[in-house]
Every structure is written in C-alpha cells, then in structure tokens.
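1. sequence and predicted model, in that order:
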Number of protein chains: 2
Amino acid sequence: MFTTSAVAAPPVRVCQERLAASRTVRSIVVNSGNANALTGKQGRRDAETMVARLEERCGGPGLVLSTGVIGVPLPIDRVLAGIDAASAELSPQNEKVSRAILTTDTGPKTVAVSVETEGGRFTVGGIAKGSGMIHPNMATMLAVIATDAPIDPVALKTILARAVDRSFHEISVDGDTSTNDAVLLLAGQPSPTADVDLDVLEAAITHVARDLASQIVRDGEGVSRVMEIEVHSAKSPDEARSVAESIARSSLVKTALAGGDPNWGRILSAAGASGAPISPSGLTLELGDHVVFEKGAVVSADERELAETFAADEVSVRLGLGRGDALARMVTTDLTRRYVEINSEYTT
Amino acid sequence: MFTTSAVAAPPVRVCQERLAASRTVRSIVVNSGNANALTGKQGRRDAETMVARLEERCGGPGLVLSTGVIGVPLPIDRVLAGIDAASAELSPQNEKVSRAILTTDTGPKTVAVSVETEGGRFTVGGIAKGSGMIHPNMATMLAVIATDAPIDPVALKTILARAVDRSFHEISVDGDTSTNDAVLLLAGQPSPTADVDLDVLEAAITHVARDLASQIVRDGEGVSRVMEIEVHSAKSPDEARSVAESIARSSLVKTALAGGDPNWGRILSAAGASGAPISPSGLTLELGDHVVFEKGAVVSADERELAETFAADEVSVRLGLGRGDALARMVTTDLTRRYVEINSEYTT
C-alpha cells in the first residue's frame, strides 16, 4: 500500500507498476536521506537504476523505497555503491536495515511474533520508520512486514488493506500525507497443498502493524503526550473516521494536549467542524473516566481530576455521536514547541 | 454569514432563525469572554434573553454574537447589566465597540471607505475581531460591516457571499472552523426611488471585508510572517481552492515559514495531498520572483536569494497546476513556538 499523494515519488510509481505486473518480490532496497521525490524524469531513471542494481546483486524481482529530502536529485553513484556494500552483508541475522532506514527517528522500530497454526508455526516480523516530516521533509512513513507463512497474493492484499486500516491509518502526527509513504507485506510462496489458517495469520499481521504504528506515533517529532481518540455511536464507519480525524488534526486540540489542559470545548468544536451532521444534543464526551458533556449539556467534573487525566502520557478521549453504532479510533500527538523547533530551525 | 460548524453556538442559531424570519435588523449585541457555545438549552435561553434586553434598550429587531470560552454557562446577570450600561452610551462617535469585542487580539480592527455614486455619497465601515482560538477557545472570528447606502436584502446577501469568499474565506490561521464565526452586513432601508450603483458599493464592501481579513490574519496568534498563496491554472475554482487550502493548512509549510526556510518541497507535497488529480509534470512553482519548479523539473535558484525571499514579513508563493485557467488565493500564517505557547500554557 502506497501514499495517495498526487505527487507520489518516482520510487513509489516504480513499485506500483512492478507490482501491477507481478506480485512476486524477492528483494527490496531502501535509501534514507533523499526521498527521490519531485525529481522528474531523472528521478524515475534513478529509481529504475536502483532496482536494476538490486536485482543484479540480490536477485529479483526487486522493489525500491526512498525517504528523505524532497526535490533534490539522488546522488546515484553513492547510492549504487551503497547497494553493492549492503548486498555483501545480507544475512538472516543482520538487523542493520532497521537502523539504516531511519531519518529523524530516535530509534529503530521492530517487532516480531510467532503463531502456532494447524499448518505449522509461522513468524511475522516488521520494521518501520517515521514519522513527522522534517529537515526538509522526512515525512515518509515506511514499513516492511514479512512472514514465512505461505499466503496467496490476493489474500495477502486483502489482509494488508485491513491491517493498515487498523494501524497506520489510525495514527496522525502532522496530518500531512507524504510523497513516499509505503507499507509492504511479504509472505512465502503459496502451494496448493499448504493448509494455512488465514485468520490466525491476519491477527498476527495486524498485531505487528499496530505495534509498528504505535512505535511511530510515540516517536513523533517533539511528542510529549499522545491522545487515543475513540468516536462511537456514529451512523457509519466513514462518519466516525471523519470526526476522529478532525479531532486528531486540530492544532487547538494538539496544543491543549501539549499543555496538559483538559480543554474539551476544543474537542467538540473540532468534531463540529468535521462536516458530519452531528448535533450537540446527541453528543457524549468522556475524558479518561470522566463524562464532561452528555446529550447537549455540560456535566460538572472535578477540575483537579480532569487536569490529572490530561497530564498523563496517554490521554483517552471517547466521543459518542448518538447516531448509530459505528466506531473509529485514532491516535494523535500533542503539538509542542519542540515540534515547531524541529521543523522550523533548519536553514538551507 | 455564519459558521458551518455542526455545533454552532446558540447565539448563531438565534441569529439564523431571526434572519430567516426577517432581514430587518436595528441592533446587535456582542459579548466577549464567553462564546455561549455547547451550553445546551440554558445557552439558548440566555441568547434569547440577551436579544430581548437589547431590543428593549435599543429597539429591534436585534441580533446577538458571542465570542470566548466554550462550554461554560454565560454569567447572564453580568451580561444584562452590561447591555444596560452599553446602551446608555450609544452614539455615532463611540468607537468602544471595536475594542469591547476583542479577546486575544492585540488591537482593534476597523476600516471605513466612502464612495461617490450617481445616487449620492455613501460610506462602508467595518469592525472585526479574531483570530486564533485561545484560552480556551477564542477562535471566533466576528465582523460587522455597515453602510448607509440603501440596498435591497436579496442583493445584500449576494454581495456579502461574494465579498466573504474573497476575504474571510481566503485567510487561515489554525485551519479550525469555530462554533461562533459570523460576518454581518447591514445596509440602509431600500426605497423604490433610490438609484444605487451596486457595482461600486460591492467593490467598497469587498474592500472593507478584505482589509478586515488582512488585519485579522496579520494579528493571528504568535504570527511572525504571512504567506500569500496563489494557485492558478487549475481546472476549476474549487480545485484551485482545495490545493491552496491544503498548502495553507500544512503544519510543515507553516513551520518552514516560521523558520524562514524556503523549503518548497513541503509546498508541493501539501499540494499533492490535497486530493486534486494534479501531476508533477504540470506544476510550476514560484517563490517570490524565483521559479523553483517547472513542469516536473527542479529549476536551480540562488539559495541565498531564496532565503531572503522567505525571510520577509510577507512571502508570496504562486503554484500553477497546468490544468486550466481557474485561480484561488489564500493567506496563511506561520506556525511559531509562540503560537504553541499561547495555546498550550493555559491551565484550568
């Protein structure tokens, strides 16, 4: 799954075209420091050159992911030398890749789980980098998840879409969609005889995706606190999602969170601006365990207890719309002075 | 014209209902410090009580606007005493209203122009407050524009919609739509014999609206620099607007602006995330007088000159989409540490 940006970077386009032709993948090359985005025809040639060198060294079909500065041509000679050097070090034990793909991350993001199924014991492992766009534009959220379980490509695509919906699509740092976002899921070659329990594997893959997404949002730029938003009693999942996203993107909610200020008026105001046809009389809002607004009326809550709830590292907010039974979740970060510093103090 | 928020405040609802019944208005009361928003049935009763007292003191029909904290019941006794006191001081010379409506504004926002028409000399004057939501939630942008020219209510409504589209809809500070936003336009009673040049008056009203909008955006919370965004060569005005808004709302564009960093990759990335079906090969981007990206390719520009362009108080950015001849403009502010401080350091 790739970014929906209209100016998706050349490596994203190359991956999409190759996967449209064949779902078989044997190797992936990732470079950080330069996103090869908005680099025109040269960028396209560079992405293809990277794949060609990768396939030569590691076997193909290959894919390419890039993350880093936007609008600067790739130093292709250095990148090719890097592919040569890295391919000589490949081994099942080598974890360097989880660090090599980082940009402003404060540490590597990895997770692995094993599951026992009727068809045998399988492992699902993943690495990721992100998030926040920085210095200048390291936004790119990249994740690669792999399993040794043999899964048919069609099933794999469905599983990935569902897992991403319940993980990477539930986090917001900037509210910005980057030029290079990509999540890849690789599985073993399926065979007609293999008896694989897809439900168990989907649960494991979803767990890995959620764990990586959680690591990303907690490592967001300048983040001191995260808010888990649940919007329930919506008319449809899309409605729930749009209200949750409006809250997650609001600068005013995010600055209140930074200040540890249980300023719930901003949460309802952001919900009201989402475009969903909600009505104050249907709304119920809980901050942590405290109901602060119910069916159109303010509920008195202990100010000190509310302040304590908002001073925690993780703040949970539940908003009921009173319109149905659909639900959506988002995790957002606070907007701190440190975020502004990180993103403004770069000078060209 | 009022906020499109689904949780619009009781005073907004009261105004909308009264204007639906009759377009005649003789008096307006504005309180600041409390938005009377998300205050349920009590809020509704309070807004109606304010209008009743206003009409008693100043004559009706009356309207009510509120701005300030959300979710706190109005101290109605103090408000009514305030209406009594203020109504005793009414005079054509009294400018106190332009200061009384302020919240976190650093100063009053007023403008007046006179125009000579065939039908006589008329004046258009306006006052406004805003913007930025703060401490806790002073977001509400309010503006009242009045003219002594006699204009029919139907024409007035059309003129206001067009003027707002070219003024208050072209500015963004937070990207948040508040519960109380309102712009009122009042004109003299039309008579069948009056010969009024509507084009000249519309130009004057638009000028006043644009001037107030400009004062608001430049007085945005913690603002050190503004960016004037023009998106041209779009397929439709809506497309141009959606790309301009995506750029204006991007935290990454706004932090780059705060740092005086000509980080144009973030501008194109924000444009690409707008949902408009643009293509890098059609894009042309100018920062000030410098073309930095043209038809899919980076154009080398003098780094020092670009940095100077971005260090100015006003930065102009022009993005061509290469898809048609529609155009939209937005003015946005930088996202500074001071903005975060103002909006996070309040504690309940």
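-> Arrived safely, thanks for sending.

2. every contact and neighbour count from this point should use C-alpha atoms.
-> Fine.

3. pLDDT on the lengthiest helix in chain A, on average?
-> Identified as the longest helix of chain A according to DSSP state H is helix A:198-218. Average pLDDT, helix A:198-218: 91.

4. centre of the chain to that helix, how far?
-> Relative to its chain's centre, helix A:198-218 lies at 11 Å (CA atoms, centre = their mean, to the nearest Å).

5. residues making contact with it?
-> The contact list for helix A:198-218 (CA atoms under 8 Å, 6 or more residues apart in numbering or on different chains) reads A:109-115, A:117, A:124-131, A:143, A:145, A:151, A:159-160, A:162-164, A:166-168, A:171-173, A:225-226, A:331-333.

6. try stretch A:178-197
-> Under the criterion CA under 8 Å, 6+ apart, residues A:1-3, A:5, A:7-9, A:11-12, A:25, A:35, A:37, A:65-67, A:117-120, A:133, A:139-152, A:156, A:160, B:269-270, B:272-273 lie in contact with stretch A:178-197.

7. can I get it in PDB, CA atoms only?
-> Taking C-alpha atoms only, stretch A:178-197 is exported to PDB below (Å, rounded to 0.1, in the frame of the first residue of the first chain):
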ATOM      1  CA  SER A 178       3.800  12.400   2.300                       C
ATOM      2  CA  THR A 179       5.200  11.700  -1.200                       C
ATOM      3  CA  ASN A 180       6.800   8.400  -0.200                       C
ATOM      4  CA  ASP A 181       4.600   6.600   2.400                       C
ATOM      5  CA  ALA A 182       4.700   2.900   1.800                       C
ATOM      6  CA  VAL A 183       3.800  -0.300   3.600                       C
ATOM      7  CA  LEU A 184       4.900  -3.600   2.100                       C
ATOM      8  CA  LEU A 185       3.800  -7.100   3.200                       C
ATOM      9  CA  LEU A 186       5.700 -10.100   2.000                       C
ATOM     10  CA  ALA A 187       4.800 -13.700   2.500                       C
ATOM     11  CA  GLY A 188       6.100 -17.100   1.400                       C
ATOM     12  CA  GLN A 189       5.200 -18.700  -1.900                       C
ATOM     13  CA  PRO A 190       1.800 -20.400  -1.600                       C
ATOM     14  CA  SER A 191       1.500 -24.000  -2.600                       C
ATOM     15  CA  PRO A 192      -1.800 -25.800  -3.300                       C
ATOM     16  CA  THR A 193      -1.100 -28.300  -0.500                       C
ATOM     17  CA  ALA A 194      -0.400 -25.800   2.300                       C
ATOM     18  CA  ASP A 195      -3.100 -25.600   4.900                       C
ATOM     19  CA  VAL A 196      -2.700 -22.100   6.400                       C
ATOM     20  CA  ASP A 197      -5.000 -20.600   9.000                       C
END
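
8. give the buried residues for that stretch.
-> Neighbour-count burial for stretch A:178-197, counted by 16 or more other CA atoms under 10 Å in any protein chain shown, picks out A:S178, A:T179, A:N180, A:D181, A:A182, A:V183, A:L184, A:L185, A:L186, A:A187, A:V196.

9. ok now it, how far from the chain's centre?
-> Distance, stretch centre to chain centre, for stretch A:178-197: 18 Å (CA atoms, centre = their mean).

10. quick check: the closest residue in space to A:F168 that isn't next to it in sequence vs B:R57, distance?
-> Among residues not flanking A:F168 along the chain, A:A213 sits closest, at 5.3 Å (CA to CA, 6 or more residues apart in numbering or on different chains). A:A213 is 60 Å from B:R57, where distance means CA to CA, to the nearest Å.
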